[in-house]
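J.: Attaching a predicted model along with its sequence, questions to come.
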Protein chains: 2
Amino acid sequence: MYEQLKKYLRHNITVDGDILNEIVHSFKPVHFKKNSILLSNGDVCDTFYFVNKGCMRTYYLTLNGSEKTRYIALEGMVITALNSFIAQTPSFEFIDTLDDVEALCISRTAFYGLAKRFSEWRKFYIRLLEFAYIYQNKKIEELVTLSAGERYALLMREHPDYIKRLPNKILASYLDVTQETLSRLKSR
Amino acid sequence: MYEQLKKYLRHNITVDGDILNEIVHSFKPVHFKKNSILLSNGDVCDTFYFVNKGCMRTYYLTLNGSEKTRYIALEGMVITALNSFIAQTPSFEFIDTLDDVEALCISRTAFYGLAKRFSEWRKFYIRLLEFAYIYQNKKIEELVTLSAGERYALLMREHPDYIKRLPNKILASYLDVTQETLSRLKSR
């Protein structure tokens, strides 16, 4: 149950076996049905997830009610509403499941407790924040500099798994195109 | 020369006088003329700035060549092209000066050198990353959920200094409205 998380952490930080065990056992196993909303706009986020099986995402609603998918976590990836998790302000984003999901979760209190105790976890937190910032900026950059077709081509290169696994509605909202445009791009 | 930076750091982290002195003296004084471009799109950013006097900003160009101002640093604020600074990839953003500027700067090598030596600086780096992520998301959130008028009203509450000091062209590109719209909002 904890093997994927151990592998993920070892990939990101140097950490000895005892401390790694203590860290991963601060996470608890959870299961969610497909299409469960785990966090709504306005809630304060106090949970950090690692996906063992299935798919989760964060998304937000625009003024006219359309969904924008910001981030997608497949197996072996982490997910939270990071803004709200850090600042403990009401979340702008939703978190939901796109499949039946098996995950490991850790509370905010336990997360920052680990950061107090282990320099390894502080290093992991820095990695996470750097990744999150770079990820967010890359999305903005792609939105303002690439056409819809170029964004689709980039996704095919970087995340062919998204294209195979996700329904068109989610993919379209991730690429910020209409479903009609996405169908046209796929058929080329 | 280092007093403002000391005050800024003390506001963000707990740090004793000797270490604080060592940290601030890793920064070197620099002067720039108004409208100097310190980093261009495509350059790799290796400098982190603290503004003692004047105003600097980061901006990027959209596909059709219009400027979007992402972040504005007045006296007592820090600025860098953080993505490129972290990942050492070509910058998407420009950095320029909007006034004659007196700043303190530190190289990337010295910055991460401080992080190796001082847990205080690692804490500062975590604060910086958290702030940057939250700032970036707040901007996206405002763009997708607030009208131009609401964004202007929010800026008047949170940063009346921007409205007093910045030319309309810069303010409009920060609010993501046309200069005509900004003039209309100002005259209300």
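T.: Cool, got the structure.

J.: Residue of chain A nearest chain B, please.
T.: Using CB to the nearest CB, the closest approach of chain A to chain B is made by A:L129 at 3.7 Å. Quick note: C-beta positions are derived from backbone N, CA and C, even for glycine.

J.: contacting residues around that residue?
T.: B:126, B:129-130, B:133 (CB atoms under 8 Å, 6 or more residues apart in numbering or on different chains).

J.: Would you tell me which residues of chain A are close to chain B?
T.: Those residues of chain A that sit near chain B, judged by CB under 8 Å from any CB of the partner chain, are A:60, A:62-63, A:68, A:82-83, A:86-87, A:92, A:122, A:125-126, A:129-130, A:132-134, A:136-138, A:140-141, A:144-145, A:147.

J.: Identify those among those residues that sit within strands.
T.: A:60, A:68 (DSSP state E).

J.: Restricted to helices, list the residues of chain A next to chain B.
T.: A:82-83, A:86-87, A:122, A:125-126, A:129-130, A:132-134, A:136-138, A:140-141, A:144-145 (DSSP state H).

J.: Write a PyMOL command that selects only the buried members of those.
T.: In PyMOL syntax, the buried subset of these is picked out as below (16 or more other CB atoms under 10 Å in any protein chain shown):
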select buried, chain A and resi 82+83+86+87+122+125+126+129+130+132+133+134+136+137+138+140
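
J.: Contact partners for the nearest residue to A:Y60 once chain neighbours are set aside?
T.: Of all residues not flanking A:Y60 in the chain, A:E93 sits nearest, at 5.0 Å (CB to CB, 6 or more residues apart in numbering or on different chains). A:E93 makes contact with A:39, A:41, A:58-60, A:70, A:81, A:83-84 under the criterion CB under 8 Å, 6+ apart.

J.: mind checking how far the residue nearest the centre of chain A is from A:L154?
T.: With distances taken as CA atoms, centre = their mean, the residue of chain A nearest its centroid is A:I79 (3.5 Å). Applying CB to CB, to the nearest Å, the value for A:I79 to A:L154 is 21 Å.

J.: is the residue nearest to the centre of chain A in a bridge, and if so with what?
T.: Beta-bridge pairing of A:I79 under DSSP bridges involves A:Y49.

J.: my guess is it meets A:V51, correct?
T.: Yes. In this structure, A:I79 is within contact of A:V51 by CB atoms under 8 Å, at 6.7 Å.

J.: so what sits against both of those two?
T.: Joint contacts of A:I79 and A:V51 (CB under 8 Å, 6+ apart) are A:A73.

J.: what about A:I23, how many residues close to it?
T.: 23 (other CB atoms under 10 Å in any protein chain shown).

J.: hang on, it is in a helix, isn't it?
T.: Yes. The assignment for A:I23 (DSSP: H, G, I helix; E, B strand; the rest coil) places it in a helix.

J.: my guess is it meets A:W121, correct?
T.: Yes. Look at A:I23 against A:W121 with CB under 8 Å: they come within range, at 6.3 Å.

J.: JSON lines for the contacts of A:E93, including pLDDT?
T.: As requested, those are exported to JSON lines (pLDDT from 0 to 100):
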{"residue": "A:L39", "pLDDT": "98"}
{"residue": "A:N41", "pLDDT": "94"}
{"residue": "A:T58", "pLDDT": "96"}
{"residue": "A:Y59", "pLDDT": "95"}
{"residue": "A:Y60", "pLDDT": "93"}
{"residue": "A:R70", "pLDDT": "92"}
{"residue": "A:A81", "pLDDT": "97"}
{"residue": "A:N83", "pLDDT": "95"}
{"residue": "A:S84", "pLDDT": "96"}
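
J.: Could you measure from A:V30 over to A:L5?
T.: As defined by CB to CB, A:V30 lies at a distance of 13 Å from A:L5.

J.: Provide the backbone phi and psi angles at A:C105.
T.: As for A:C105, its main-chain torsions (degrees, to the nearest 10) stand at phi -130, psi 150.

J.: Pull the contacting residues for it.
T.: With CB under 8 Å, 6+ apart, A:C105 has these contacts: A:27-28, A:30, A:47-50.

J.: do that again at 10 Å, thanks
T.: Contact partners of A:C105, counting by CB atoms under 10 Å, 6 or more residues apart in numbering or on different chains, are A:26-30, A:38, A:47-50, A:79-80, A:111.

J.: Specify the beta-bridge partners of it.
T.: Counting by DSSP bridges, A:C105 is bridged to A:K28, A:Y49.

J.: Is it correct that A:D43 is in contact with A:Q88?
T.: No. Checked against CB atoms under 10 Å, the pair A:D43 and A:Q88 is beyond contact range at 11.0 Å.

J.: on that earlier part again, neighbour-wise, which one of the contacts of A:C105 leads?
T.: A:T80 (29 neighbours).

J.: Not counting its neighbours along the chain, what's nearest that residue?
T.: A:F48 (4.5 Å).

J.: Show me where chain A dips below the pLDDT cut-off.
T.: By pLDDT under 70, chain A has no low-scoring segment.

J.: rewinding a little: now, which of the contacts of A:C105 sits nearest B:L74?
T.: Each of those was scored against B:L74 by CB to CB, and A:T80 proved nearest at 32.0 Å.
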